[in-house]
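Engineer: here you go, sequence then predicted model.
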Amino acid sequence: MNCLIIEDEKVAGERLKELIVKYDGSVNIEAIIQSVKSALDWLTSNPQPDLIFMDIQLADGLSFEIFEKTIVNSPIIFTTAYEEYTLKAFKVNSIDYLLKPIDYEELKKAIDRFRNSPFNQHVYKYPQQVFDKILHSFTREFKNKFVIKVGEHIRVISGDDILCFYSMEKSTFIKTVKNRDYSVGYSLDQLEELIDPAIFFRINRQYIVSIHSLKDIVQYSNSRLLVKLLNYEDNELIVSREKVNDFKSWLEG
């Protein structure tokens, strides 16, 4: 098997080569290339390797530029320290994705996967939450619609229709302006990374509220705040003490 390594850190490139040879001493490492330009030069003047290990951030740019300037038919195992590039990686010939520092067992699994599965039939399935998070990392656009399954029906809940998100019994729910509750397949931690922080604020471990849903805010015991929401009967929610200052700053915009 002929492999190409595209990695701008010399030490990391040599370390990756050692791990690959440890996995299979018969693997031929054709070259270790450190830049987008050098990779383009090599790929346009040599036969395509069986497999490419490719860092995403190179000395002169992102390795995705390679695919924009030449045809790469080889399958790719991406290596990077930045999870935010996962989505784009899987759109360009990727059979796997390894985070640095690369673990030998993870590398072994990735190569085994490549060897045991026809590349053109290899399909990865990831939860929608993963792609939402990665897409946000690329576009910096916030998630404003949620697809909810209600029995056999599918509904779309807009961010404008959301009073709050809340957790209960290890599940997360949306409370709408019509006082309806819908289960949503995200944790509050995941939601914090996806929704617009100018609109939504996590007041405690259990609730994220919309700024448009606030009906009243009053002082509460132990320097906390009590929040009441519009159209929400059970609506006396407490802003935890450690979040009060951030909450006030959020209100000021």
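Structural biologist: Great, that's in hand. Numbers count the residues shown, from 1 in each chain.
Engineer: check for me that Asn179 belongs to a helix.
Structural biologist: No: under the criterion used here (DSSP: H, G, I helix; E, B strand; the rest coil), Asn179 is coil, not part of a helix.
Engineer: kindly export the helix or strand hosting Asp246 (C-alpha atoms) in PDB.
Structural biologist: Using DSSP states H and E, Asp246 sits within helix 244-252. Extracted in PDB, the C-alpha atoms of helix 244-252 (Å, rounded to 0.1, in the frame of the first residue of the first chain):
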ATOM      1  CA  VAL A 244     -26.700  37.100  37.600                       C
ATOM      2  CA  ASN A 245     -24.000  39.500  36.400                       C
ATOM      3  CA  ASP A 246     -23.800  37.900  33.000                       C
ATOM      4  CA  PHE A 247     -27.600  37.800  32.800                       C
ATOM      5  CA  LYS A 248     -27.700  41.600  33.400                       C
ATOM      6  CA  SER A 249     -25.100  42.200  30.700                       C
ATOM      7  CA  TRP A 250     -27.100  40.000  28.400                       C
ATOM      8  CA  LEU A 251     -30.200  42.100  29.000                       C
ATOM      9  CA  GLU A 252     -28.200  45.200  28.100                       C
END
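Engineer: run a quick neighbour tally on the closest residue to Phe201 other than its chain neighbours.
Structural biologist: Leaving aside its chain neighbours, Phe201 sits nearest to Trp250 (4.8 Å; criterion: Cβ to Cβ, 6 or more residues apart in numbering). Heads up, the C-betas are built off the backbone N, CA and C, glycines and all. Number of residues near Trp250 (other Cβ atoms under 10 Å) recorded here: 18.
Engineer: then Gln57?
Structural biologist: Gln57 has 13 nearby residues by other Cβ under 10 Å.
Engineer: related to what we said a few turns ago, test my guess that the residue nearest to Phe201 contacts Arg202.
Structural biologist: No: contact criterion Cβ atoms under 8 Å: Trp250 and Arg202 do not qualify, at 9.9 Å.
Engineer: perfect, I'm done here.
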